[in-house]
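Enquirer: Got a sequence here, can you build the structure:
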Amino acid sequence: MPVAVVLGATSGIGEALARELARDGYNLIIAGRDGATLAGQAKDLELRFGVRAWPNRVDALDVASHPGRMAQWKELAGAEVDGVFVCCGAMAQESDASSDPQAARKMIEVNYASPVSIL
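Expert: Alright, predicted model coming up:
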């Protein structure tokens, strides 16, 4: 079975994507910040779709935890990872992002820098 990683799997889009991938027969590594929610989702995916699903706690802003993540996922699944879907993100109000450099920086770190760091 192919293996996919869904980053941000506890978001609405990430959760829906994980379900569609499971329905299509993918084993999944579902990643996000909320370990308890991920564990419940993994059990649900396995029961509903007959796939393997591994919860994996990942904080996009914890860059120190990113090195080796792809190798960890490969070992966890016992197979190559066939695809990574990035569904994590942060979006400040435009007025906040244009007037608050910290808000703009957080958007860049979560939406671009962290996926690049993980991959």
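
Enquirer: what about T10, neighbour count?
Expert: 22 (other CB atoms under 10 Å). For every residue, glycine as well, the C-beta is placed using N, CA and C.

Enquirer: Tell me if I am right that it is in a strand.
Expert: No: per DSSP: H, G, I helix; E, B strand; the rest coil, T10 lies outside any strand segment and is coil.

Enquirer: looking at it, it is touching G40, isn't it?
Expert: No: using CB atoms under 8 Å, T10 is not in contact with G40, being 9.8 Å away.

Enquirer: My impression was that V84 belongs to a strand - is that right?
Expert: Yes: with three-state DSSP as the criterion, V84 is located in a strand.

Enquirer: With adjacent residues omitted, what lies nearest to it?
Expert: V5 (4.5 Å; CB to CB, 6 or more residues apart in numbering).

Enquirer: pLDDT-wise, which helix or strand of the chain ranks last?
Expert: Within the chain, confidence by mean pLDDT, DSSP states H and E is lowest for helix 94-99 among all helices and strands, at a mean of 78.

Enquirer: Contacts made by the next helix or strand after it with the rest, please.
Expert: Counting by DSSP states H and E, the next helix or strand C-terminal to helix 94-99 is helix 101-108. In this structure, residues lying in contact with helix 101-108 by CB atoms under 8 Å, 6 or more residues apart in numbering are 61, 90-92, 96-98.

Enquirer: Return the distance of stretch 97-112 from the chain's centre.
Expert: Centre-to-centre, stretch 97-112 and its host chain are 20 Å apart (CA atoms, centre = their mean, to the nearest Å).

Enquirer: Next, the distance between the ends of that stretch.
Expert: 15 Å (CA to CA, to the nearest Å).

Enquirer: same deal with stretch 81-96?
Expert: End-to-end distance for stretch 81-96: 37 Å, by CA to CA.
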